[in-house]
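[1] need a 3D model of the sequence below.
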Amino acid sequence: MRKRAAALCGAAAVVAGTFTAVPAGASTPQTAQTAQAAKLTWKKCGTTDYPTLQCASLKVPLDHANPQGQEITLALSRVPHTAKKYQGPLLVNPGGPGGSGLTLAGFVASSLPKAVAAQYDVIGFDPRGVGASKPALDCEPGYFNPVRPDSVPSTPAIEKANLSRAKSFAAACGKKYASVLPYINTISAVRDMDSIREALGAKKINYFGYSYGTYLGAVYGKLYPERVRRLVLDSIVDPTGVWYDDNLAQDYAFDDRHRALMSWIAKYDATYKLGTDPEKIEAKWYAMRAALAKKPAEGKVGASELEDTFIPGGYYNGYWPYLAEAFAAYVNDNNADPLVEAYENFATVDASGDNGYSIYTSVQCRDASWPRDWNQWRKDNWAVYEQAPFMAWNNAWYNAPCAFWPTESKKPVNVANGDLPPALLFQATDDAATPYQGGVTVHRLLARSSLVVEQGGGNHGISLSGNTCLDKYLAAYLTDGTVPRGAGEADAVCQALPDPEPLTSKAASPSARGSTLHGLLGFRG
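    Numbering: from 1, shown residues only. Coordinates of the predicted model:
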């Protein structure tokens, strides 16, 4: 599950930017008349960054098998098309599960080339239970308040404390949302997406999803292949590991990414003064962790919170300079203030985060079977920890409520699909949250799909984040369905952007677009 790109492409097909035209499928662009939103009332809700955003709401059945029963409300957003050529709605999703997609519509519409974005109604939505949709779940407010027990259960007492927290969260969800939880899952969200399509008056949708949003899109394609016009999946979930195995695979990849940060710090010893040996720097990081486990910084940042603070660095290297400065200040100057600031910027969980986590657990625990015997979790996670300690137990406790979840589990969806039009897939070789093998697997499962690989890239969410090579493929596909075709594991390869430089450097600032995107995608999914 930790496979990296080896022979990615046939030599003749490696050159990034070289396209082979492949038909987009039999679908014809819709006219503006066929896509009139008969059931939706759009109102202006623009922001300073995205002034043309519009918002609407849509009622859908809580249980799609009982369309006359209880209803819930989905919050939608839209940046309307402005070109004469109209290619229909482009639904976008940031992942999670539990991520709000309302602002993402504005980001995608403003980040695509103007001529491309103008041909689509870019549609964002808060999936059921999320954000502005109603009801919005919040099982146990303040669940992540500091200081939590040490994530590593080195004593029976620490393990018991963490288990007690996980059980209490699952019980709280079951008590507050007993009638709703059975319907918070990927298949129900997919049926909601089809209700959105219908409300938009569209025969087919275009779809662009990041992270968990790739699984959401693949499942939609499985249930409604005839209703998919174009499909873009970026940073791809391995659908064969949903969800227990996928989380274990993440742990190895995040450990690799954490060590990449240590190597980056070693490269800039003149700035951070933590040494030039990555292994010794990593030892200093674990010593910092041990010290914080005994004495949390300002009563806020203990061992678990330190992990929370550095995990975002596994998603996006634009955070590395800030994390390195906080690390150096604590070790070299005994100054915890930058560390606490980094925790507050990257790791604190507000009401929106509580909502996101409630949906994350509700969907993942319902989507697929999880071990109900804690002994299995203990065995598997200690085995991972021995090889990849950075996030192993932190991730285990993040998902542990699923061992005690009050609803039964559904079976994962086999997304293998020979009925879709050509899909475009993006995957970085060193992505930690959705390791590389997921992209390769989905490429194999979706017939006629094309895989574009970012060689050496470790960020999660790679298109529309500053890599013009990747974005060229995206723009071509959304313009007329063009996809690259190669002879190897990938159909095209783009080189990753350089890692950032320290904040003292004039060249230090990460891509503004990249930072905005990763703020919208969030963490853990």
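[2] what residue in the protein is the furthest from its centre?
    In the chain, counting by CA atoms, centre = their mean, residue 333 sits farthest out from the average C-alpha position, at 35.3 Å.
[3] longest helix in the protein, by residue count?
    Longest helix of the chain, by residue count under DSSP state H: helix 244-267.
[4] now the helix or strand just after that helix, how far from the centre of its chain.
    Using DSSP states H and E, the next helix or strand after helix 244-267 towards the C-terminus is helix 269-272. Between the centre of helix 269-272 and the centre of its chain there are 32 Å (CA atoms, centre = their mean, to the nearest Å).
[5] kindly report the same for stretch 514-521.
    11 Å.
[6] contacts for it?
    94-95, 99, 103-104, 107, 111, 210-211, 315-316, 318, 459-461, 464-466 (CB atoms under 8 Å, 6 or more residues apart in numbering). From N, CA and C alone the C-beta is placed, and that goes for glycine too.
[7] switch to 6 Å and redo it
    Under the criterion CB atoms under 6 Å, 6 or more residues apart in numbering, residues 94, 95, 103, 104, 107, 210, 316, 318, 461, 464, 465, 466 lie in contact with stretch 514-521.
[8] isn't the first one up against residue 103?
    Just to be clear, that refers to residue 94. No: under the criterion of CB atoms under 6 Å, residue 94 is not in contact with residue 103, lying 8.7 Å apart.
[9] compare those two (neighbour count), which wins?
    Shown here are residue 94 and residue 103; by other CB atoms under 10 Å, residue 94 has more neighbours (25 against 19).
[10] now that one: how far from residue 435?
    Taking CB to CB, to the nearest Å as the measure, residue 94 falls 19 Å from residue 435.
[11] what does residue 179 give?
    Computed as CB to CB, the residue 179 to residue 435 distance reads 36 Å.
[12] just the buried residues of the longest helix of the chain, please?
    244, 246-262, 264-266 (16 or more other CB atoms under 10 Å).
[13] thinking again about what came up before, residue 179 and residue 435: which is more packed in?
    residue 435 (29 against 9).
[14] re earlier: which other residues reach the longest helix of the chain?
    Here helix 244-267 makes contact (CB under 6 Å, 6+ apart) with 1-2, 238, 272, 274, 276, 278, 281-282, 313-314, 320, 324, 370, 384, 388, 390-392, 395, 399, 432, 435, 458, 499.
[15] out of those, which are buried?
    Among those, the ones that count as buried by 16+ other CB under 10 Å are 1, 238, 272, 274, 278, 281-282, 313-314, 320, 324, 370, 384, 388, 390-392, 395, 399, 432, 435, 458, 499.
[16] what number of residues lie near the residue lying closest to residue 227 once chain neighbours are set aside?
    Excluding the flanking residues, the one nearest residue 227 by CB to CB, 6 or more residues apart in numbering is residue 204, at 5.2 Å. Number of residues near residue 204 (other CB under 10 Å) recorded here: 22.
[17] where does residue 204 fall, phi/psi-wise?
    Residue 204 has phi and psi values of phi -140, psi 160 when expressed as degrees, to the nearest 10.
[18] tell me the pLDDT of it.
    At residue 204, the model reports a pLDDT of 98.
[19] list the buried residues for the helix or strand encompassing residue 383?
    Residue 383 belongs to helix 374-387 when assigned by DSSP H and E. For helix 374-387, burial by neighbour count (16+ other CB under 10 Å) applies to 377, 380, 381, 384, 385.
[20] quick one: the fourth one from residue 252, how far?
    Translated: residue 384. Residue 384 sits 7 Å away from residue 252, going by CB to CB.
[21] try the last one
    Taking CB to CB as the measure, residue 385 and residue 252 are separated by 11 Å.
[22] could you do residue 281 as well?
    Going from residue 281 to residue 252 by CB to CB gives 20 Å.
[23] same thing with residue 404?
    Look at residue 404 and residue 252: by CB to CB, they are 26 Å apart.
[24] may I see the buried residues of stretch 350-370?
    Neighbour counts over stretch 350-370 (16+ other CB under 10 Å) mark 353-368, 370 as buried.
[25] how far off centre is that stretch?
    Worked out by CA atoms, centre = their mean, stretch 350-370 lies 13 Å from the chain centre.
[26] and which of the buried residues of helix 374-387 is nearest to residue 74?
    residue 377 (34.1 Å; CB to CB).
[27] so what pLDDT did the closest one get?
    Model confidence at residue 377, given as pLDDT, is 98.
[28] quick one: mean pLDDT for stretch 513-525?
    Stretch 513-525 comes out with an average pLDDT of 85.
[29] tell me which residues of it come out buried.
    Buried-residue list, stretch 513-525, by 16+ other CB under 10 Å: 513, 514, 515, 516, 517, 518, 520, 521, 522, 523, 524, 525.
[30] make a markdown table out of those and add secondary structure and distance to residue 174.
    Formatted as a markdown table, those follow (DSSP: H, G, I helix; E, B strand; the rest coil; distance: CB to CB, whole Å):
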| residue | secondary structure | distance to residue 174 |
| --- | --- | --- |
| 513 | helix | 41 |
| 514 | helix | 39 |
| 515 | helix | 38 |
| 516 | helix | 37 |
| 517 | helix | 35 |
| 518 | helix | 33 |
| 520 | helix | 31 |
| 521 | helix | 29 |
| 522 | coil | 25 |
| 523 | coil | 26 |
| 524 | coil | 22 |
| 525 | coil | 22 |
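[31] let me have those in a markdown table, extended by distance to residue 66.
    Compiled in a markdown table, those are given as follows (distance: CB to CB, whole Å):
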| residue | distance to residue 66 |
| --- | --- |
| 513 | 43 |
| 514 | 44 |
| 515 | 44 |
| 516 | 40 |
| 517 | 38 |
| 518 | 39 |
| 520 | 34 |
| 521 | 34 |
| 522 | 32 |
| 523 | 35 |
| 524 | 32 |
| 525 | 29 |
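[32] which one of those sits closest to residue 156?
    Set against residue 156, the nearest of those by CB to CB is residue 524 (27.5 Å).
[33] which stretches of this structure form strands?
    Ranges of strands within the chain are 43-44, 54-61, 71-79, 89-93, 121-126, 205-210, 228-234, 424-428, 450-455, 492-495, based on DSSP state E.
[34] any idea which of these gets closest to residue 187?
    Here strand 54-61 is closest among the strands of the chain (CB to CB), at 13.1 Å.
[35] who does that closest one pair up with?
    Strand 54-61 has the following sheet partners, assigned by DSSP bridges: strand 43-44 (antiparallel), strand 71-79 (antiparallel).
[36] looking at the ones you listed, which is buried most?
    Most buried of those, by mean neighbour count (mean count of other CB atoms under 10 Å): strand 71-79, with a mean of 22.
[37] which residues are contacting that strand?
    52-60, 62, 102, 105, 109, 121-126, 128, 132-134, 192.
[38] weed out the non-buried ones from those residues.
    By 16+ other CB under 10 Å, these give 52-56, 58, 60, 62, 102, 105, 109, 121-126, 128, 132-133, 192 as buried.
[39] show me the contacts for residue 404.
    Residue 404 sits in contact with 167, 170, where contact means CB under 6 Å, 6+ apart.
[40] what of residue 340?
    When contacts are counted by CB under 6 Å, 6+ apart, residue 340 touches 297, 298, 300, 301.
[41] ok, now residue 70?
    Listed by CB under 6 Å, 6+ apart, the contact set of residue 70 reads residue 62.
[42] just flag the most distant two among the buried residues of stretch 513-525.
    513 and 524 (22.0 Å).
[43] low-confidence ranges, the protein, go.
    Of all residues in the chain, those with pLDDT under 70 make up the ranges 1-38, 505-511, 524-525.
[44] try it again at 80.
    Applying pLDDT under 80 to the chain picks out residues 1-39, 504-511, 522-525.
[45] check the buried residues of stretch 513-525 against residue 40 and report the nearest one.
    residue 520 (23.0 Å).
[46] now do that closest one against residue 512, distance only.
    13 Å.
[47] got it, and residue 158?
    Using CB to CB, residue 158 is found at 42 Å from residue 512.
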